[in-house]
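K.L.:
predicted model and sequence below, questions to follow.
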Amino acid sequence: MTALNDGWFTEVFQDQGTAFSLQVKRKLHEEQTPFQKLEIYETETFGNLMVLDGCVMLTSRDNFLYHEMMTHPALFTHKNPKKVVIIGGGDCGTLKEVLKHPGVEEAWQVEIDERVTRMSEKYFPELCESNDDPRANFFFGDGIQWMRDVEPGSVDVVIVDSTDPVGPAEGLFALDFYRDAMAALGEGGIIVQQSESPLLHTDTIIKDIHGDMRQAGLDHVQTLAFPQPVYPTGWWSCTMGSKENPLKYFREEDAVNRPFVTRYYNRGVHQGALAMPQFMVDALEDEVRPEEG
């Protein structure tokens, strides 16, 4: 539930008894796309704000936290990522981070709602500055079907940069999708899925992701937590899965000597995010292998 009263945009999480607000200057855009309601606001202190179906998606001020953590841990864990597929990610921020890696030869953004990308180009141009990179490819359509159809073993990293597991994104949090993703991954391939709030969703969404990834044959699964002020509780996560790759280990030297600028991600952040809080370890004890807990 959302409300716009006295110059404040408020997203209410009724079932959790909490809410989050941002003071806004004005509404910049509103439309009903074929898939969802899309709104853009100019805020007082967080830059521009994108809202989909009443849920905060990103702001200019803090999106780097999410985009960097959805991207760099996975790409610095894979031994040599050359082909990366982003399912969702219509704002192009994840694509921008992927293309910072000079070893990436091909990146696909598979987004169901083209209007999200077009409005991001207008209102979040800093996230779209790599859209003209010759390595960037765009497909606007069903990411679930795209993953079924891709050549087996042809992808190094799959990044599921989706909205919450409702509506168009629900099928991206399903066992069948993880099976298709695993089939698409080559040797040492990694899938990373945005996995909601550790405080609110460890016993539900995160536990289900761990179980489904393992059932799909992804033997190594690891959840990394990171701050995200505009999302519920201000604390978010991504979950990585791999068939062969022990996810506790990564190319530390390459991360230290990365030839690009980050604002949040570095070696220490990566290492720290691998340590799950005790309540998560306890909740996931049936899913987390002893060496990963």
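P.N.:
That came through fine. Please read all numbers here as calculations on a predicted model, not as lab measurements.
K.L.:
need the phi and psi values for Lys82.
P.N.:
Taking degrees, to the nearest 10, you get phi -110, psi -40 for the backbone angles of Lys82.
K.L.:
tell me both backbone torsions, phi and psi, for the closest residue to it other than its chain neighbours.
P.N.:
Nearest-residue entry for Lys82: Glu105, 4.6 Å, with adjacent residues in sequence omitted and distances by CB to CB, 6 or more residues apart in numbering. (Glycine included, C-beta is placed from N, CA and C.) Comment: the main-chain dihedrals of Glu105 come out as phi -100, psi -20, following degrees, to the nearest 10.
K.L.:
Glu105 and Lys83 touch, don't they?
P.N.:
Yes - contact between Glu105 and Lys83 holds when scored by CB atoms under 8 Å: they sit 6.6 Å apart.
K.L.:
for the closest residue to Thr10 other than its chain neighbours, helix, strand, or coil?
P.N.:
Closest residue to Thr10 in three dimensions, ignoring its sequence neighbours and counting by CB to CB, 6+ apart: Ser21, at 4.4 Å. In terms of secondary structure, Ser21 is strand; the call rests on DSSP: H, G, I helix; E, B strand; the rest coil.
K.L.:
what sits against Phe139?
P.N.:
For Phe139, the set of contacting residues under the criterion of CB atoms under 8 Å, 6 or more residues apart in numbering consists of Trp108, Gln109, Val110, Glu111, Trp146.
K.L.:
including distance to Leu218, could the residues you listed go into TSV?
P.N.:
Conversion of those to TSV gives the following (distance: CB to CB, whole Å):
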residue	distance to Leu218
Trp108	20
Gln109	23
Val110	20
Glu111	24
Trp146	19
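K.L.:
relative to Leu4, which of these is nearest.
P.N.:
Minimum separation from Leu4 among those (CB to CB) is found for Glu111, which lies at 26.6 Å.
K.L.:
look up how far Met119 lies from the residue nearest to the closest one when sequence neighbours are not counted.
P.N.:
Closest residue to Glu111 in three dimensions, ignoring its sequence neighbours and counting by CB to CB, 6+ apart: Gly90, at 4.1 Å. Summarising the geometry, the distance separating Gly90 from Met119, computed by CB to CB, to the nearest Å, is 9 Å.
K.L.:
comparing those two, which residue is more hemmed in?
P.N.:
Higher neighbour count among Gly90 and Met119: Gly90, with 29 against 22, using other CB atoms under 10 Å.
K.L.:
hmm, Glu121 and the more buried one touching each other?
P.N.:
No - here Gly90 does not reach Glu121: they are 10.4 Å apart, not a contact under CB under 8 Å.
K.L.:
low-confidence ranges, the protein, go.
P.N.:
Across the chain, the ranges flagged by pLDDT under 70 are 1-3, 163-173, 286-293.
K.L.:
surely Asn245 is in a strand?
P.N.:
No - using three-state DSSP, the assignment for Asn245 is coil, not a strand.
K.L.:
just checking, it touches Asn80?
P.N.:
No - in terms of CB under 8 Å, Asn245 does not count as a neighbour of Asn80; the distance is 11.6 Å.
K.L.:
can you show me the strands along the stretch 101-250 of the chain?
P.N.:
Counting by DSSP state E, counting those that start in this stretch, one finds strands in the stretch 101-250 of the chain at the ranges 106-111, 136-140, 155-161, 185-194, 220-227, 235-242.
K.L.:
possible to save those strands as CSV with distance to Val56?
P.N.:
Converted to CSV, the strands of the stretch 101-250 of the chain look like this (distance: least, CB to CB, whole Å):
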stretch, distance to Val56
strand 106-111, 18
strand 136-140, 23
strand 155-161, 15
strand 185-194, 14
strand 220-227, 15
strand 235-242, 12
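K.L.:
just those strands: most buried one?
P.N.:
Among the strands of the stretch 101-250 of the chain, ranked by average contacts under mean count of other CB atoms under 10 Å, first place goes to strand 155-161 (a mean of 27).
K.L.:
circling back to that earlier point, more neighbours: Asn245 and Asn80, which one.
P.N.:
Neighbour count, other CB under 10 Å: between Asn245 and Asn80, Asn245 has more, with 23 against 9.
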